[in-house]
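**Student:** Predicted coordinates and the sequence they were generated for:
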Amino acid sequence: MTFKKAEWPRRLRSQEWYGGTSRDNIYHRGWLKNQGYPHDLFDGRPVIGILNTWSDLTPCNGHLRELAEKVKAGVWEAGGFPLEVPVFSASENTFRPTAMMYRNLAAMAVEEVMRAQPIDGAVLLVGCDKTTPSLLMGAASTDLPSIVVTGGPMLNGWFRGERVGSGTALWQMSEDIKAGKMSQEDFLEAEQAMSRSSGTCNTMGTASTMASMAEALGMALSGNAAIPAVDARRRVMAQMTGRRIVQMVKDDLKPSDIMTKQAFENAIRCNGAIGGSTNAVIHLLAMAGRCGVDLTLDDWDRLGRDVPTVVNLMPSGKYLMEEFFYAGGLPVVLKRLGEAGMLHKDALTVSGGTVWDEVKDAVNWNEDVILPVDKALTASGGIAVLKGNLAPKGAVLKPSAASPHLMKHRGRAVVFEDIDDYKAKIADEALDIDETCIMVLKNCGPKGYPGMSEVGNMGLPPKVLKKGITDMVRISDARMSGTAYGTVILHTSPEAAVGGPLAVVQSGDMIELDVEARRIHLDIPEAELAARLAAWSPAADAPKGGYDWLFRTHVEGADTGADLDFLKGCRGREVPRDSH
Ligand code: FES
């Protein structure tokens, strides 16, 4: 930890707009006064932008306006001037073709909103999957003091005495219907039981994972990730966050001080311990790219190998976020990592102190939720990064959500050229497939879908499900929902749409998977593979213009975070000219 506080008082950037008597100062200040703000609020105190991803169409963030009021209260209490600013809200459950296509657009918009306006520091009010990384990416590219507060997870879902976890239950029940084990009427009844309160998905899906990543990176106050959305302590957290950002601005405690290589390494270890989503791989790579931190897929494999998954939450385990909070939440996990020598204890956090200061006194109140190491869900909980002639730049698999008996497997490929081809064929009784086969899905990567949809955990064929089989090896260049599970190989890079080897796999080819050896191999002669690749040509599917063009022209591969190439890096906080 090498952070040196800035001197206070000093002139802040917001004073370029508000602090003077020029025509432009009066223009900026006078217009804002139409909201009834007294003149002394423009005296040089920190102006805090509360960047709010609230939207009626992002139900997971539907309560964030209430939380914003608490953040404002905290900012006022600490002597700041809070201004709430709506920002792009990439809703996971409504955006088409996929919210992931808009993560980078949201990040670009947030960056410009922060830089172009009189904001000295920002509270990032986020929750649903893409909202957390997009705002962190934008904040990192301006390097203005920023702090995350998430909306928190929904309360547990319950259906007929059983926990139903967001997403996880949906995947399970839809397979049960295909297998004839559940009626459509029961499925509809369960729908209402899944989402009982405001908040994000209550499993260790992508939203809970990214809330945990923000905390493990040091970008949120300790304990933030697990507090349920409707718990009064979530509102306290929001208020405390509002207080804290004012001091961060005075100290000039910036994302670049906090999001260091050490912080990313802490987050990767943490992801293994919580059994976090594979989406965290892409988001952390993209965030590191904004921070100028050299983070690679190999770091994910290296750091995750010996981390046991101890958080017993769906989809890998049994419980939900509500129980994780009652058990002590993320501080317990980070403490455990620290005791095992797997945490950079002196990494700086938004608190101004070290991560170890924050977690060293955490107590585990339920050892069935946060398990002892000898009862871990899996000893190697990190993300496995597979390489070979089928994925020269890598592919990922989440061991804690996979079936142990399939971790070493050789099978016949059954190929689907794209998601429509899969949907057209999967229920066909004549499809030549059984449980030993490997399902291969192409053209679902960043450029191919476009946006890299969460379809990698493609459902099994009904005729296999009816035998009682619940898992098969699946390979694609897609992503998978953090709430999903199975022996699913994702993010295969280079993707099929740019001519990666995945593009030339044919039904009937043999594929070998060896997770322990980190190997994924298409078992055809080298010359045959080279000939197929030489004969490959891209689909004649031109972008429609607009953002579709921008995205498909500039998006990078999943192996480096699928950011837009021109958005990588930090462009700082300076804006040279006034608006007139
Ligand atoms: Fe928004 Fe899961 S769909 S948090």
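**Tutor:** Received it, and whenever you're ready, just let me know what you need.
**Student:** For the residue nearest to residue 543 when sequence neighbours are not counted, I want the exact helix or strand it lies within.
**Tutor:** Of all residues not flanking residue 543 in the chain, residue 549 sits nearest, at 4.0 Å (C-beta to C-beta, 6 or more residues apart in numbering). Where you see a C-beta, it was placed from the backbone N, CA and C, and this is true even at glycine. Residue 549 is part of helix 546-554, with elements assigned from DSSP states H and E.
**Student:** Pull out the buried residues from that helix.
**Tutor:** 550-552 (16 or more other C-beta atoms under 10 Å).
**Student:** and the stretch 101-250 of the chain, which residues reach the ligand?
**Tutor:** Within the stretch 101-250 of the chain, the positions near the ligand by C-beta under 6 Å from any ligand atom are 128-129, 166, 200-201, 205, 207.
**Student:** try it again with 8 Å
**Tutor:** Residues of the stretch 101-250 of the chain found near the ligand (C-beta under 8 Å from any ligand atom) are 127-129, 166-167, 199-201, 205-207.
**Student:** Starting from residue 386, give me the distance back to residue 206.
**Tutor:** Taking C-beta to C-beta, to the nearest Å as the measure, residue 206 and residue 386 are separated by 21 Å.
**Student:** Then residue 459?
**Tutor:** The gap separating residue 459 from residue 386 is 22 Å, by C-beta to C-beta.
**Student:** more neighbours, the two?
**Tutor:** The neighbour comparison of residue 459 against residue 386 (other C-beta atoms under 10 Å) goes to residue 386, with 25 against 19.
**Student:** Dig out what the more buried one forms beta bridges with.
**Tutor:** Counting by DSSP bridges, residue 386 forms beta bridges with residue 395.
**Student:** thinking again about what came up before, now that we have the residues of the stretch 101-250 of the chain next to the ligand, can you turn them into CSV and tack on secondary structure and pLDDT?
**Tutor:** Below are those laid out as CSV (DSSP: H, G, I helix; E, B strand; the rest coil; pLDDT from 0 to 100):
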residue, secondary structure, pLDDT
127, coil, 98
128, coil, 97
129, coil, 97
166, coil, 90
167, coil, 86
199, coil, 98
200, strand, 98
201, coil, 96
205, coil, 94
206, helix, 95
207, helix, 97
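**Student:** By neighbour count, which of these wins?
**Tutor:** For these, the largest number of neighbours (other C-beta under 10 Å) sits with residue 207, at 36 neighbours.
**Student:** surely that one meets residue 483?
**Tutor:** No: using C-beta atoms under 8 Å, residue 207 is not in contact with residue 483; the gap is 9.2 Å.
**Student:** hey, what's in contact with both of these two?
**Tutor:** Residues touching both residue 207 and residue 483 (C-beta atoms under 8 Å, 6 or more residues apart in numbering): residue 201.
**Student:** How many residues are close by residue 352?
**Tutor:** Neighbour count for residue 352, taken as other C-beta under 10 Å: 17.
**Student:** what helix or strand does it sit in?
**Tutor:** Assigned by DSSP H and E, residue 352 belongs to neither a helix nor a strand.
**Student:** okay, it: pLDDT?
**Tutor:** With respect to pLDDT, residue 352 has a value of 97.
**Student:** How about residue 316?
**Tutor:** We have a pLDDT of 88 for residue 316.
**Student:** now residue 510
**Tutor:** On the pLDDT scale, residue 510 gets 98.
**Student:** Setting aside sequence neighbours, what's the nearest residue to it?
**Tutor:** Take residue 510 and drop its neighbours on the chain: the residue closest to it by C-beta to C-beta, 6+ apart is residue 523, 4.2 Å away.
**Student:** How about residue 151?
**Tutor:** Nearest one to residue 151, counting by C-beta to C-beta, 6+ apart, is residue 127 at 3.4 Å.
**Student:** Can you verify my assumption that the one you found contacts residue 61?
**Tutor:** Yes: contact criterion C-beta under 8 Å: residue 127 and residue 61 qualify, at 4.5 Å.
**Student:** tell me, what's touching these two both at once?
**Tutor:** With C-beta under 8 Å, 6+ apart as the test, residue 127 and residue 61 both reach 53, 151, 200.
**Student:** ok, what's across the strand from the last one?
**Tutor:** Right, the one you point to is residue 200. Going by DSSP bridges, residue 200 forms beta bridges with residue 153.
**Student:** pLDDT-wise, which helix or strand of the chain ranks last?
**Tutor:** Across the helices and strands of the chain, mean pLDDT, DSSP states H and E gives its lowest value to helix 168-178, namely a mean of 87.
**Student:** can you give me the offset of that one from its chain's centre?
**Tutor:** Relative to the centre of its chain, helix 168-178 is centred 23 Å away, using C-alpha atoms, centre = their mean, to the nearest Å.
**Student:** Near the ligand, which residues of this protein? Just list them.
**Tutor:** Residues of the chain lying near the ligand (C-beta under 8 Å from any ligand atom): 58-61, 91-93, 127-129, 166-167, 199-201, 205-207, 483.
**Student:** so which residue of the stretch 401-550 of the chain comes closest to the ligand?
**Tutor:** Closest residue of the stretch 401-550 of the chain to the ligand, C-beta to the nearest ligand atom: residue 483 (7.2 Å).
**Student:** Number of residues surrounding that residue?
**Tutor:** Neighbours of residue 483 (other C-beta under 10 Å): 28.
**Student:** Let me know the secondary structure of it.
**Tutor:** At residue 483, secondary structure determined by DSSP: H, G, I helix; E, B strand; the rest coil is coil.
**Student:** show me what contacts it?
**Tutor:** 165-168, 170-171, 201, 203, 205-206, 277, 314-315.
**Student:** Run through the bridge partners of residue 163.
**Tutor:** Beta-bridge pairing for residue 163 (DSSP bridges): residue 158.
**Student:** ok, the nearest residue in space to residue 94 that is not next to it in sequence to residue 88 distance?
**Tutor:** Spatial nearest neighbour of residue 94, chain neighbours left out: residue 57 (5.2 Å); criterion: C-beta to C-beta, 6+ apart. Distance, residue 57 to residue 88, using C-beta to C-beta: 12 Å.
**Student:** Neighbour count for these two, which is higher?
**Tutor:** Between residue 57 and residue 88, counted using other C-beta under 10 Å, the more crowded position is residue 88 (21 against 11).
**Student:** Can you tell me how far residue 487 is from residue 434?
**Tutor:** 15 Å.
**Student:** Same question for residue 488.
**Tutor:** Distance, residue 488 to residue 434, using C-beta to C-beta: 18 Å.
**Student:** quick one: which of these two has more around it?
**Tutor:** residue 488 (25 against 15).
**Student:** what are the bridge partners for the more buried one, then?
**Tutor:** Bridge pairing for residue 488 - DSSP bridges - gives residue 474.
**Student:** residues in contact with it?
**Tutor:** 397-398, 401-402, 456-457, 474, 476, 480.
**Student:** Measure how buried residue 15 is and give me the count.
**Tutor:** Neighbour count for residue 15, taken as other C-beta under 10 Å: 18.
**Student:** and the longest helix seen in the chain, what does it pack onto?
**Tutor:** When the chain is scanned for its longest helix (criterion: DSSP state H), the result is helix 232-251. With contacts defined as 3 or more C-beta pairs under 8 Å, 6 or more residues apart in numbering; DSSP states H and E, the packing partners of helix 232-251 are strand 47-52, helix 64-77, strand 121-126, strand 146-150.
**Student:** switch the cut-off to 7 Å
**Tutor:** Applying 3 or more C-beta pairs under 7 Å, 6 or more residues apart in numbering; DSSP states H and E, one finds that helix 232-251 makes contact with helix 64-77, strand 121-126, strand 146-150.
**Student:** could you redo these as TSV and give each row mean neighbour count and mean pLDDT?
**Tutor:** Compiled in TSV, the helices and strands packed on helix 232-251 are given as follows (neighbours: other C-beta atoms under 10 Å; pLDDT from 0 to 100):
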stretch	mean neighbour count	mean pLDDT
helix 64-77	21	98
strand 121-126	30	98
strand 146-150	30	98
